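A.B. asks: Got a predicted structure plus its sequence, pasted below:
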Amino acid sequence: MSNQKRPCIARLVLCIACFSFDLAALDSDRDQPIQIEADIAVRDEGAGETRYEGNVILTQGSLRITAELISIKHDSDAADKIVATGQPATLVQQPASDQAPVDASARQIEYIRSEDLVRLIDEARIAQDGSVLSGDRIEYLVTQRKVKAAGTPGPSGEGRVEVVIPPENLRRSPDNG
């Protein structure tokens, strides 16, 4: 490898290391290294962006994102925004050791660290322990633990969201899980 390529690779690794997912997840996830596999990786210093293209897999602890393209936007301090796109892009993460994994998918998944916001856009779906929320757009404010879903507007106006809750999840009380 030439000496000219080493500084670019070092900056690329530094960019990845500075970006940590603070989603509602296992505490140990934040302490795990981020690993990204892709067919192509391109770092554009001028645009403040690193792009990973082709069968992209990002893992950090229990977090796993798969996509056709992952773009990480960053400023001089750290990465602030990740955008994953695919047909669909997927995100799977273990929220706590005693909870089932969260399985999310959409054509576009955005994580904006400065706003602590996860946004699923276009054919958005979140499933956990048999319960499913789907719509055109789902936003999750992580620190507030607040979810907002919107459906695709149709010819008659507002779109619809769909929520499916299995009977066994309705019978659970906060005391018995």
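C.D. replies: Received it, and whenever you're ready, just let me know what you need. Numbers count the residues shown, from 1 in each chain.
A.B. asks: use CA for all of it now, contacts and neighbours both
C.D. replies: Noted.
A.B. asks: quick one: the strands in this structure?
C.D. replies: Using DSSP state E, the strands found in the chain span residues 35-37, 40-44, 49-60, 63-74, 79-93, 102-112, 117-128, 131-141, 146-150, 162-164.
A.B. asks: what's the fourth one packed up against?
C.D. replies: Using 3 or more CA pairs under 8 Å, 6 or more residues apart in numbering; DSSP states H and E, the elements in contact with strand 63-74 are strand 49-60, strand 79-93.
A.B. asks: Tell me which of the strands of the chain approaches Arg171 most closely.
C.D. replies: Closest approach to Arg171 among the strands of the chain is made by strand 131-141 (12.9 Å; CA to CA).
A.B. asks: just to revisit the earlier point, can you put the strands of the chain in TSV and add mean pLDDT and distance to Leu170?
C.D. replies: Shown next, in TSV, are the strands of the chain (pLDDT from 0 to 100; distance: least, CA to CA, whole Å):
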stretch	mean pLDDT	distance to Leu170
strand 35-37	93	38
strand 40-44	94	45
strand 49-60	94	32
strand 63-74	93	27
strand 79-93	92	23
strand 102-112	93	18
strand 117-128	92	13
strand 131-141	91	10
strand 146-150	88	19
strand 162-164	86	11
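A.B. asks: Mind putting the ones you listed into JSON lines with distance to Ser28 and mean neighbour count?
C.D. replies: Output for the strands of the chain, formatted as JSON lines (distance: least, CA to CA, whole Å; neighbours: other CA atoms under 10 Å):
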{"stretch": "strand 35-37", "distance to Ser28": "15", "mean neighbour count": "15"}
{"stretch": "strand 40-44", "distance to Ser28": "27", "mean neighbour count": "15"}
{"stretch": "strand 49-60", "distance to Ser28": "10", "mean neighbour count": "19"}
{"stretch": "strand 63-74", "distance to Ser28": "11", "mean neighbour count": "22"}
{"stretch": "strand 79-93", "distance to Ser28": "12", "mean neighbour count": "21"}
{"stretch": "strand 102-112", "distance to Ser28": "16", "mean neighbour count": "22"}
{"stretch": "strand 117-128", "distance to Ser28": "20", "mean neighbour count": "21"}
{"stretch": "strand 131-141", "distance to Ser28": "21", "mean neighbour count": "20"}
{"stretch": "strand 146-150", "distance to Ser28": "23", "mean neighbour count": "14"}
{"stretch": "strand 162-164", "distance to Ser28": "30", "mean neighbour count": "12"}
